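In: Predicted model and sequence below, questions to follow.
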Amino acid sequence: MIENPVQRVFHIDHECYLIYLGSTHTEYRPFLRIGNSPKLPEEIKKYVSTVLVTDNYTGNPFLEHENVELPLNGETRFVGDPLRIERLKQFLNEKNLPVAEYEYETVESPPQNGKSIVFFFKSGNLHVHHNGDELFNLRQREVEDHHFVYLAERISSFVKDNPLRYLSRVFNNPGFILVEQNLYLFHEGRLGIVHIPADFPWALSRAGIDPDLLQWCIEDRFEEGILHKLKRSVAIKKELRVASHRIEQLRSAINLFSGGGTSLFAVEPDASGCFHLQGFRFCGEEFSVEFPFSLGISFPITSIASEGNRVLQKALEEKGLPVGVRIVGKVPYRFFTTPLPSPGSLLLSYGIDLAKNCAEVGHVQEQDWWRGLVSSLTQIQEQWKKSAPRLSSFDVLEPLFKPDLSLGETEEILPYLLWNLETICRLIDPAAMGRGSLSERLRKKARNRTLFHLPEDRQGCIPLVGDCWILPNGGHLFYQVEGRLSPLKLLQAGRSLENLEKLRASLEKESFFVQERERLSRFLEQLHQVPPKRIRKPVASPSTAATQSATTETFQPPEPETSIRSSSVHPVPSTPSASTLAAPEVATKEKLQPQKTPLSARASESTPFEETSKTRSTGIFHRRGGIYAVGVLVLGGIIGALWQFGLLPSVKGTMRGGSEPIEKTAQVEKQELSASREVSKELQDIGEQREKGVSATQKEGPPQIGHESGSAPSKETLEVREASPIPSRQQTSTQAGLGETKPSEALPSTYTADIPPLGAIQITVLDVFYLVNEIADTNGYRRLDSPKDLRPDPNWIYPGNRFKLPDASTYVVKRGDTLWHITTRYIEEEVAKGIGILKSYLGPALDSPVPKGKQYELEETIGRLQKGSHCKAFVEYLEKKKKEVVYR
């Protein structure tokens with residue numbers, strides 16, 4: 001059917017996957033599903049035997065009823081954490097939801113012989129293994145496929161990198177902000193909205209607002225927006241208040257995501273049917289909002305979707321603002337009820353200070369223009385201190401506004417400044433508006449008159465705020481810049497917005513998912529096209545049974561709390577006598593307490609002895625199997641006795657069907673430590689941890705190195721290892737002997753790169769180790785805990801896998817690649833590039849003198865190369881070269 005493991009995963013939608021676990025045309029329900037999608041093909045539902053429920057509910061659980069066959073007849077089972085499964089039952093109102101339980105294991109051992117096992121980790125990650133291959137890694141998929149939990153974290157980090165973002169203190173006073181035709185209300189540093197849009201993180205982040213400041217909402221639709229907000233609140237453990245008229249559905253949704261230290265509150269309406277949230281009062285079907293502090297502002301929020309900001313303009317005009325006042329998008333408007341300052345104070349805050357802020361950025365000519373404006377406004381303020389404010393004072397501004405006026409990136413501030421000056425003129429003389437007003441006179445002199453009009457949306461990244469005074473005698477609106485501007489802040493803010501746009505552009509397009517759904521449809525046409533044949537389960541060979549039995553007996557049992565939960569899932573072959581409604585084979589055992597002798601995940605599912613006992617075996621194979629088993633046990637006892645009395649050499653670890661060591665026993669470790677005092681303290685710590693059965697990695701999840709955790713290496717892996725020039729641990733320990741074993745011998749040797757004119761440079765094990773962990777962090781893989789984990793390679797080193805390197809390039813693993821080859825090749829190319837950069841300053845032989853004008857530039861270049869280098873020897877060479885060239 002499908003030979004390539006990568007092709008077994010069908011990516012149906014952004015957070016919806018179908019994984020094929022079968023091997024023939026005749027298997028019944030051979031698919032496993034992760035996540036949900038409204039575009040899930042209808043014909044696939046009858047082929048799904050298992051639904052995995054992840055800790056963060058990958059996909060949209062609101063769509064679960066649309067993605068399963070109804071009514072639920074027990075043939076599609078749900079696997080996951082029991083507590084989350086129970087909450088999902090309540091949310092779906094399915095008390096008899098079919099559930100497949102799981103067993104608790106201590107190590108991750110990929111299954112062989114066509115079996116499929118799902119491993120759940122305490123960190124929330126899960127792995128799906130089939131026939132020795134890892135088909136699915138949730139954390140890796142979240143990063144590569146840009147799941148919402150990953151996107152939300154990245155968006156928040158990009159916004160926090162913006163020094164010109166709106167801080168929570170901006171939203172202390174009650175007010176509103178219009179972002180992409182959605183009205184957000186704010187008070188006491190928290191934002192809220194009626195009906196959260198699905199793209200609220202993108203909209204708020206582009207407006208310079210951290211989406212995590214959204215902490216309350218009213219929701220009656222229960223669509224993707226509220227789901228995203230619930231997921232994010234659980235991830236960051238931040239309080240969220242949700243109000244709804246559909247109170248029962250709200251409670252079940254809150255219960256679905258509750259737990260884990262997150263404060264989620266369901267807000268019910270009062271006796272009059274109104275909601276009270278953050279000081280605002282919402283009433284009626286249109287959710288007419290009343291602002292706090294008796295501001296007297298009220299308008300229907302739902303009308304904004306149809307009438308736009310005209311609803312807001314009308315509400316502000318009723319409070320005394322000028323007719324036709326424009327509400328600029330992406331600008332927070334906050335309201336004050338305190339007494340209005342004097343015209344002189346207003347001129348200082350909203351005129352002089354605003355112009356001073358702009359005088360610190362831009363080109364020299366632009367800064368000089370703003371400084372001239374500051375001088376003229378200061379002159380007006382001094383006149384007003386001596387006498388009453390007069391409109392004629394603004395005549396000194398006219399010479400500054402020339403027809404060819406151009407102010408670069410600060411040009412967008414000019415309309416807001418003129419609005420402030422016009423409002424001050426209206427305070428001095430209300431009859432001064434209209435023809436002959438200040439803005440009208442200045443507008444006539446400008447060639448580009450659009451500079452003097454407020455835009456529909458705030459442009460650029462300068463944080464503008466609208467301060468609105470609501471007083472009994474009328475309303476007054478002024479604009480100011482939040483914080484201080486500088487060229488560096490503008491540069492960092494621009495980069496933050498660019499990163500957001502690049503992140504959004506990197507999302508998979510719908511065309512990709514269409515192709516995946518078409519590939520799935522073509523594959524489904526192949527199923528059940530041949531007459532079903534009886535498939536007899538193969539009887540385990542005596543040698544295999546004896547090997548697994550011996551391995552089980554020598555395995556030392558760890559006794560602490562386990563960190564992996566596994567569930568075996570395998571499709572059921574059809575038989576001529578069985579209809580297509582036969583139930584799938586799913587392991588339903590659950591260990592409530594750790595056993596005294598826990599097996600590996602592979603052995604615990606179904607050993608060959610268990611399969612033999614279930615299948616009635618006849619003939620010579622059955623009789624010889626027992627004889628061989630007894631013989632192997634007797635031989636094992638003799639060898640064990642000889643080894644105990646020191647007649648046989650000690651071995652490093654037990655072996656199972658391959659050359660890679662599987663697990664060290666505590667007894668062998670103690671003998672190694674006593675026989676050799678040259679073993680490092682790090683190896684002693686690791687030995688003690690393994691004696692106790694506890695390691696730091698088990699808190700995060702099992703090691704991702706499949707061969708060390710108990711699985712036999714695949715044929716492909718063995719071919720790669722044989723092609724590698726680096727000796728394996730077994731070869732090294734056999735050659736050196738027990739008494740000569742050192743920690744360094746268990747690791748690959750250093751690699752010497754020849755890079756002219758630098759010559760030979762050493763790439764060490766630690767260089768490789770640190771680079772591997774950097775790649776793992778970037779791509780969502782598990783970090784290695786020790787350089788000893790470099791061998792065998794992690795399970796993400798398999799042909800066809802793609803991952804990003806530190807230089808943002810994508811690497812595709814080829815047959816024969818090992819972790820050592822990939823990283824040393826990358827470091828060697830990185831050093832060669834660095835030498836090429838140095839040649840541009842120091843010449844081909846790296847010994848040319850550097851002019852004083854370029855020494856500072858060279859010092860910065862060397863610093864960047866040192867910071868980005870993954871080779872310690874090259875960093876030391878750069879430091880030496882910097883002292884020779886720059887500091888001599």
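Out: Received the coordinates, thanks.
In: Please make it C-alpha for all contacts and neighbour counts, starting now.
Out: Noted.
In: so where do the strands sit in the stretch 301-450 of the chain?
Out: Applying DSSP state E, counting those that start in this stretch to the stretch 301-450 of the chain gives strands spanning 333-336.
In: Mark out where each domain of this protein begins and ends.
Out: 5-145+509-524, 148-335+492-504, 343-453, 747-885 (automatic domain parsing).
In: So for Asn473, which of those sits nearest?
Out: domain 148-335+492-504 (7.5 Å; C-alpha to C-alpha).
In: can you list contacts of stretch 398-417?
Out: 350-351, 354-355, 358, 361-363, 366, 369, 372-373, 441-442, 445-448, 451-454, 459, 478-480 (C-alpha atoms under 8 Å, 6 or more residues apart in numbering).
In: what ranges do the helices span in the stretch 401-550 of the chain?
Out: 414-428, 438-445, 487-505, 510-524, 542-554 (DSSP state H, counting those that start in this stretch).
In: Redo those as TSV? Include mean neighbour count.
Out: Formatted as TSV, these follow (neighbours: other C-alpha atoms under 10 Å):
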stretch	mean neighbour count
helix 414-428	20
helix 438-445	17
helix 487-505	16
helix 510-524	15
helix 542-554	17
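In: Need those helices in CSV (columns: distance to Pro5).
Out: As requested, the helices of the stretch 401-550 of the chain are exported to CSV (distance: least, C-alpha to C-alpha, whole Å):
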stretch, distance to Pro5
helix 414-428, 60
helix 438-445, 68
helix 487-505, 28
helix 510-524, 15
helix 542-554, 25
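In: In TSV, list those along with mean pLDDT.
Out: Converted to TSV, these look like this (pLDDT from 0 to 100):
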stretch	mean pLDDT
helix 414-428	89
helix 438-445	68
helix 487-505	93
helix 510-524	93
helix 542-554	39
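In: chain center to stretch 453-467: distance?
Out: Stretch 453-467 sits 31 Å away from the centroid of its parent chain (C-alpha atoms, centre = their mean, to the nearest Å).
In: And it, end to end?
Out: From its first residue to its last, stretch 453-467 covers 18 Å (C-alpha to C-alpha, to the nearest Å).
In: Could I get the buried residue list for it?
Out: Applying a neighbour-count criterion of 16 or more other C-alpha atoms under 10 Å, one finds 453-455, 458-459, 461-467 buried in stretch 453-467.
In: Need phi/psi at the residue nearest the centre of the chain.
Out: The structure's the chain has its C-alpha centroid closest to Tyr150; by C-alpha atoms, centre = their mean the separation is 2.2 Å. The phi/psi pair for Tyr150 (degrees, to the nearest 10) reads phi -80, psi -40.
In: and it, what is it in contact with?
Out: 142-143.
In: Could you report the pLDDT at it?
Out: Looking at Tyr150, its pLDDT stands at 93.
In: Return a selection command, for use in ChimeraX, containing the buried ones of the contacts of stretch 398-417.
Out: Burial among these is assessed by 16+ other C-alpha under 10 Å; the matching ChimeraX selection reads:
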select :350,351,354,355,358,361,362,366,369,372,373,442,445,446,451,452,453,454,459,478,479,480
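In: So Val9 is in contact with Leu18, correct?
Out: Yes. With contact defined as C-alpha atoms under 8 Å, Val9 and Leu18 form a contacting pair (5.8 Å).
In: Please point out which parts of stretch 831-847 sit buried.
Out: Applying 16+ other C-alpha under 10 Å to stretch 831-847 flags 831-832, 834-839, 841-842, 846 as buried.
In: List the contacts of it.
Out: By C-alpha under 8 Å, 6+ apart, stretch 831-847 touches 755, 757-758, 848-850, 858, 865, 869, 871, 874.
In: Scan the residues you listed and report the most crowded one.
Out: In terms of neighbours by other C-alpha atoms under 10 Å, these top out with Cys871 at 24 neighbours.
In: Setting aside sequence-adjacent positions, which residue approaches that one most closely?
Out: Nearest non-adjacent residue to Cys871, counting by C-alpha to C-alpha, 6 or more residues apart in numbering: Asp767, 5.6 Å away.
In: The one you found: which element?
Out: helix 765-779 (DSSP states H and E).
In: Can you dump the C-alpha atoms of that helix in PDB for me?
Out: In PDB, the C-alpha atoms belonging to helix 765-779 read as follows (Å, rounded to 0.1, in the frame of the first residue of the first chain):
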ATOM      1  CA  VAL A 765      31.900  16.700  20.200                       C
ATOM      2  CA  LEU A 766      30.600  19.600  22.300                       C
ATOM      3  CA  ASP A 767      30.400  21.800  19.100                       C
ATOM      4  CA  VAL A 768      28.200  19.100  17.600                       C
ATOM      5  CA  PHE A 769      26.200  18.700  20.800                       C
ATOM      6  CA  TYR A 770      25.400  22.400  21.100                       C
ATOM      7  CA  LEU A 771      24.500  22.700  17.400                       C
ATOM      8  CA  VAL A 772      22.200  19.600  17.700                       C
ATOM      9  CA  ASN A 773      20.300  21.200  20.600                       C
ATOM     10  CA  GLU A 774      19.900  24.500  18.700                       C
ATOM     11  CA  ILE A 775      18.500  22.600  15.800                       C
ATOM     12  CA  ALA A 776      16.200  20.700  18.100                       C
ATOM     13  CA  ASP A 777      14.900  23.900  19.700                       C
ATOM     14  CA  THR A 778      14.300  25.600  16.400                       C
ATOM     15  CA  ASN A 779      12.300  22.700  15.000                       C
END
